[in-house]
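Engineer: Got a predicted model here, sequence first, then my questions.
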Protein chains: 2
Amino acid sequence: MPGGRPRSFDADAALDRALEVFWRHGYEGTSLTDLTTAMGINKPSLYAAFGNKEELFAKVLARYLDGPGAYTADALDASTGREVVEQLIHGAVDLTAGQNTPHGCLCVNSVHARGPDAHTVRQDAIAVRKAGEAALRRRLEQATDLPSRYEPAALAALIHTISDGIAVQAAAGRSHDELRQIGDSALRALLD
Amino acid sequence: MPGGRPRSFDADAALDRALEVFWRHGYEGTSLTDLTTAMGINKPSLYAAFGNKEELFAKVLARYLDGPGAYTADALDASTGREVVEQLIHGAVDLTAGQNTPHGCLCVNSVHARGPDAHTVRQDAIAVRKAGEAALRRRLEQATDLPSRYEPAALAALIHTISDGIAVQAAAGRSHDELRQIGDSALRALLD
DNA sequence: TAAGTTTTATACCTATCGGTACGTTACCTC
DNA sequence: GAGGTAACGTACCGATAGGTATAAAACTTA
């Protein structure tokens, strides 16, 4: 019964190309032409496979979280609270100032897409951020080795804020080395 | 010799309207129609008075720094290093989560304008950020009341990073009260 | 009042935006 | 092979982007 012409491209590879472009140029700075060129497909194929620009972005964001952004979930598996925090800060530096990837964080970028057509995208990014911080807070509630001056919710919010700052710094052109120093300063301030 | 039809609008007031729009919707999310509508003038008047969109943005950014963003320069006049830092963090919270202004920071937003037409804007924003951090570093070098574990350059970079994070959090919708708590947590981590 | 000057408003320009209609091509099943 | 099905490439859509030509309007100076 089924059949039809087979797809001439790999959907996951195409998503990775789209991720590259959205990450580097932002949602509003990326045109469909940019996307189809990078993905090696044309517009009807894009729409058939991924939906419109907003839906494609949602799929790209999910792939980002599962790939480059997976360190945020992985860090929660560390055995001590300190290690969780260290992995989050160092992971943010490595992600946002990587050598082979655009500088900055796709999710932080997307919060700043505030044009009329980017509403859904921004809401998606905000939802992801909220979920991530809630998971961190729950993890920190289990930790027993963190300075007692913090409530878990406050520490989670602060770590999240510092990660955001690292992403901005990376997007503004700071080098990985400089960011690593900033991250280490932050860890000392937080944990010592 | 001179003369000519007098301008029917106040240039500074028009710039303030443009600032509102750019701040709320971002450089790439703001169209010329948005601008002319908010400013109450039409396109030829805008071009004659302020140049093209990029030049207008540069003027708006300067006005932002002289107005809402002036707290960054004012803070450097505080008498102690601790006060400098406190004013910077609290000022960032008040600026980016103000009741009567858009949430977020115009300068941080603009770093995330990464489309092909926003190159100049992004460079302008980055230059402003660099200058601000250098001024902070110089001020911190004069301070004698800050924890000795920091080098001034590292502390300036860390404060700047935390301010950026606050701006992102505000842009993502955090309330002023929550941000104030985050800022206070950060100050304790930095200064205690 | 006439000349000169600058701003105003309208109407328009080209390029590009996101999105789609449609006919062709390539595959699977029978 | 024939028929059905789905992806392909091209060519196009209306809307809007940033930017401008042009001429009427409002002022100053002489």
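Structural biologist: Yep, it's here.

Engineer: do the host helix or strand of A:I159 and chain B meet?
Structural biologist: Using DSSP states H and E, A:I159 maps to helix A:152-171. Yes. Using Cβ under 8 Å from any Cβ of the partner chain, helix A:152-171 reaches chain B at A:154-155, A:157-158, A:160-169, A:171. From N, CA and C alone the C-beta is placed, and that goes for glycine too.

Engineer: tell me which strands and helices that helix is in contact with?
Structural biologist: Contacts defined by 3 or more Cβ pairs under 8 Å, 6 or more residues apart in numbering or on different chains; DSSP states H and E place helix A:152-171 against helix A:81-96, helix A:106-111, helix A:119-142, helix A:176-191, helix B:106-111, helix B:152-171, helix B:176-191.

Engineer: Out of those, the one nearest A:A48 is which?
Structural biologist: helix A:119-142 (20.1 Å; Cβ to Cβ).

Engineer: what's near enough to touch the nearest residue to A:A189 once chain neighbours are set aside?
Structural biologist: Excluding its sequence neighbours, the residue lying closest to A:A189 (Cβ to Cβ, 6 or more residues apart in numbering or on different chains) is B:A189, at 4.4 Å. By Cβ atoms under 8 Å, 6 or more residues apart in numbering or on different chains, the contact set of B:A189 is A:158, A:189-190.

Engineer: Using PDB, write down the CA coordinates of stretch A:115-133.
Structural biologist: Extracted C-alpha coordinates of stretch A:115-133, given in PDB (Å, rounded to 0.1, in the frame of the first residue of the first chain):
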ATOM      1  CA  GLY A 115       9.800  40.300  17.100                       C
ATOM      2  CA  PRO A 116       6.100  39.700  16.200                       C
ATOM      3  CA  ASP A 117       6.800  36.300  14.500                       C
ATOM      4  CA  ALA A 118       9.000  35.000  17.200                       C
ATOM      5  CA  HIS A 119       6.500  34.800  20.000                       C
ATOM      6  CA  THR A 120       6.100  31.000  20.000                       C
ATOM      7  CA  VAL A 121       9.900  30.500  19.800                       C
ATOM      8  CA  ARG A 122      10.500  32.700  22.800                       C
ATOM      9  CA  GLN A 123       7.800  30.900  24.800                       C
ATOM     10  CA  ASP A 124       9.400  27.600  23.900                       C
ATOM     11  CA  ALA A 125      12.800  28.800  25.100                       C
ATOM     12  CA  ILE A 126      11.300  30.200  28.300                       C
ATOM     13  CA  ALA A 127       9.500  26.900  29.100                       C
ATOM     14  CA  VAL A 128      12.700  24.900  28.600                       C
ATOM     15  CA  ARG A 129      14.600  27.300  30.900                       C
ATOM     16  CA  LYS A 130      11.900  27.000  33.600                       C
ATOM     17  CA  ALA A 131      12.000  23.200  33.500                       C
ATOM     18  CA  GLY A 132      15.700  23.100  33.600                       C
ATOM     19  CA  GLU A 133      15.900  25.300  36.700                       C
END
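
Engineer: Measure how far stretch A:85-97 is from the centre of its chain, please.
Structural biologist: Centre-to-centre, stretch A:85-97 and its host chain are 11 Å apart (Cα atoms, centre = their mean, to the nearest Å).

Engineer: For it, which residues meet the burial criterion?
Structural biologist: Judged by neighbour count using 16 or more other Cβ atoms under 10 Å in any protein chain shown, the buried positions of stretch A:85-97 are A:85-97.

Engineer: Relative to DNA strand D, which of the residues you listed is nearest.
Structural biologist: DNA strand D lies nearest to A:T96 out of these, by Cβ to the nearest atom of the strand, at 28.0 Å.

Engineer: What is the neighbour count of the closest residue to the closest one other than its chain neighbours?
Structural biologist: Closest residue in space to A:T96, ignoring its immediate chain neighbours: A:A170 at 3.6 Å, by Cβ to Cβ, 6+ apart. A:A170 has 25 neighbouring residues, counting by other Cβ atoms under 10 Å in any protein chain shown.

Engineer: Pull up the gap between A:A170 and DNA strand D, please.
Structural biologist: 27 Å (Cβ to the nearest atom of the strand, to the nearest Å).

Engineer: surely that residue meets A:C105?
Structural biologist: Yes. Assessed by Cβ atoms under 8 Å, A:A170 is found in contact with A:C105 at 7.5 Å.

Engineer: Can you check which residues contact both of these two?
Structural biologist: Listed as contacting both A:A170 and A:C105 by Cβ under 8 Å, 6+ apart are A:T96.

Engineer: if I look at the closest residue to A:A153 other than its chain neighbours, how far off is B:L191?
Structural biologist: Sequence neighbours aside, A:R137 is the residue nearest to A:A153 in space, at 5.1 Å (criterion: Cβ to Cβ, 6+ apart). According to Cβ to Cβ, to the nearest Å, A:R137 and B:L191 sit 24 Å apart.
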